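# Whatever this is, show me its structure:
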Amino acid sequence: MAISHPARIAIVIVTYNSAKVLPGCLASLAEGARGTHLAEVVVADNASRDESAAIAERSELPIRVVRTGRNGGYAAAINAGTRTLELEALDAVLILNPDCRLRPGALAPLSDALRAPGRGIAAPRIVDPGGHVHPSLRRAPSVRGAVAEALIGGRLAGRIGTLGEVITDPLRYERPGPADWSTGAAMLVSAAALREVGPWDESFLLYSEETEFALRAADRGWTLWYEPAAVVEHIGGDAKVNPMLASLLAVNKVLLFRRRRGPVAALAYHAAVTLGETLRALAGRRTSRAAVIALMRPSRRMQSLPG
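Numbers count the residues shown, from 1 in each chain. Sure, this is the predicted structure:
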C-alpha cells in the first residue's frame with residue numbers, strides 16, 4: 001500500500017456494556033492517531049444496556065454511533081461499522097476493543113507497516129495496564145500445537161521452537177515481523193485487504209473470528225505484520241475468569257479447525273483441546289471445567305452471547 005500522504009484511517013470500536021472503559025479508549029484516540037489523518041470514528045454498539053452509546057454520542061470527537069439492535073457478536077458489529085465507511089476514501093481501518101487505549105503515536109507505525117506490498121494487517125505490541133507485554137501473536141492452529149499446549153502448558157510450549165500456538169518468547173515481541181494471526185483487540189487492516197477478503201465471519205459470535213479473518217486473508221496473499229513500535233494498552237482477560245466465555249473460546253477453536261481442515265483432522269484437534277482443558281480442570285480451574293462440558297456436549301454449545 002503506497003502512501004505518500006498521512007494515512008487516512010477510520011476506527012471501528014465495538015461496544016457491549018462498555019461504559020466503564022469506553023471513555024478512556026476515546027480519550028486516547030487523538031494522540032494515538034498523531035501522524036495520521038483520522039478520518040472517522042465509528043462506535044458499533046451491540047445493544048448495550050448501559051450508557052455506552054450515549055458516551056460515544058457525547059464525545060468531543062466526531063463519532064458515528066451504529067446501533068446494531070442486538071448482541072450479535074464481535075464480527076457482526078465490525079461488519080455493521082465497516083459497512084458505513086467509504087473504503088475507497090481510506091487507507092486502512094483500525095478494529096479496536098473498547099477496553100484498549102492507544103499510546104501516543106501508535107497508529108503511524110502501524111500504517112507505515114502496511115506500505116510494503118502484500119501486507120494487509122498490522123498488529124501492535126499489546127501491553128496490560130502495568131505495561132507488561134501481552135503474548136498476542138499466534139501460530140496457525142495445528143494438532144501438534146494443541147497436543148503440546150495440553151501436555152506441557154501453553155506458555156512453555158510457546159517458547160520451545162514452533163510447538164505452541166501462542167508465541168510466548170519475549171524476544172519475539174521486540175522485533176517486527178510476520179505472524180499467522182494475532183489477537184483481535186487491536187489491528188489495522190488495509191482498505192484494500194478489507195475489500196478483497198470481505199466481511200468478518202459472524203458465525204463465531206466471539207473468539208476465533210480474528211483467527212478466521214487473518215487466515216482467510218493469508219489464503220488470498222495478505223500478510224499479517226507485527227509492529228512493536230506501535231503500542232496499545234489492553235485490559236482484557238474476561239475469558240480467564242468467565243466460564244461461559246472460556247467455553248465459547250474452546251468450542252470456537254475446534255469449530256474453526258474443522259472448517260479449515262476437515263472432520264478427520266478435527267477429531268484429533270478436538271481430542272487435544274479437550275485433553276488440555278481436562279488436565280487444567282483437574283488442577284482446579286473452574287473455567288476449564290466449563291470448557292470440557294461444552295466440548296463434550298455439542299448440543300449444549302452456546303449459540304448466542306449473553307444479554
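# quick one: residue 104 is in a strand?
No. Applying DSSP: H, G, I helix; E, B strand; the rest coil, one finds residue 104 to be coil, outside a strand.
# can you tell me how far it sits from residue 77?
According to CB to CB, to the nearest Å, residue 104 stands 27 Å off from residue 77. From N, CA and C alone the C-beta is placed, and that goes for glycine too.
# Between the two, which has more neighbouring residues?
Neighbour count, other CB atoms under 10 Å: between residue 104 and residue 77, residue 77 has more, with 28 against 14.
# Quick check: pLDDT value at that one.
On pLDDT, residue 77 comes in at 97.
# got it, and residue 307?
47.
# packing partners for the worst-scoring helix or strand of the chain on mean pLDDT?
Least confident helix or strand of the chain, by mean pLDDT, DSSP states H and E, is helix 154-157 with a mean of 71. Applying 3 or more CB pairs under 8 Å, 6 or more residues apart in numbering; DSSP states H and E, we find helix 154-157 packed against helix 143-152.
# export the helix it packs on as CSV, just CAs?
What follows is helix 143-152, C-alpha atoms only, in CSV (Å, rounded to 0.1, in the frame of the first residue of the first chain):
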residue,chain,number,x,y,z
VAL,A,143,-2.9,-30.8,16.2
ARG,A,144,0.8,-30.8,17.1
GLY,A,145,0.4,-27.4,18.8
ALA,A,146,-2.7,-28.4,20.7
VAL,A,147,-1.1,-31.5,22.0
ALA,A,148,2.0,-29.6,23.1
GLU,A,149,-0.1,-27.0,24.9
ALA,A,150,-2.2,-29.7,26.6
LEU,A,151,0.8,-31.7,27.9
ILE,A,152,3.4,-29.1,28.7
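# and residue 145, how far is that from residue 10?
34 Å.
# Residues touching the least confident helix or strand of the chain, excluding its own?
135, 145, 148, 149, 163, 164, 165, 166, 168 (CB atoms under 8 Å, 6 or more residues apart in numbering).
# Where do the helices of the stretch 51-200 of the chain begin and end?
52-58, 74-82, 107-113, 143-152, 154-157, 191-197 (DSSP state H, counting those that start in this stretch).
# List the buried residues in the longest one.
Translated: helix 143-152. 143, 144, 145, 146, 147, 148, 149, 150 (16 or more other CB atoms under 10 Å).
# Let me know the pLDDT of the fourth one.
Read that as residue 146. Value for residue 146, per-residue pLDDT: 92.
# dump the residue contacts of it.
165, 269, 272, 273, 276.
# quick one: the nearest residue to it once chain neighbours are set aside from residue 142, how far?
Ranked by CB to CB, 6 or more residues apart in numbering and with sequence neighbours excluded, the top spatial neighbour of residue 146 is residue 272, at 3.6 Å. Noted for residue 272: a distance of 9 Å to residue 142, by CB to CB.
# right, and the helix or strand after the longest strand along the chain?
Ranked by number of residues, the top strand in the chain under DSSP state E is strand 223-234. Counting by DSSP states H and E, the next helix or strand C-terminal to strand 223-234 is helix 243-261.
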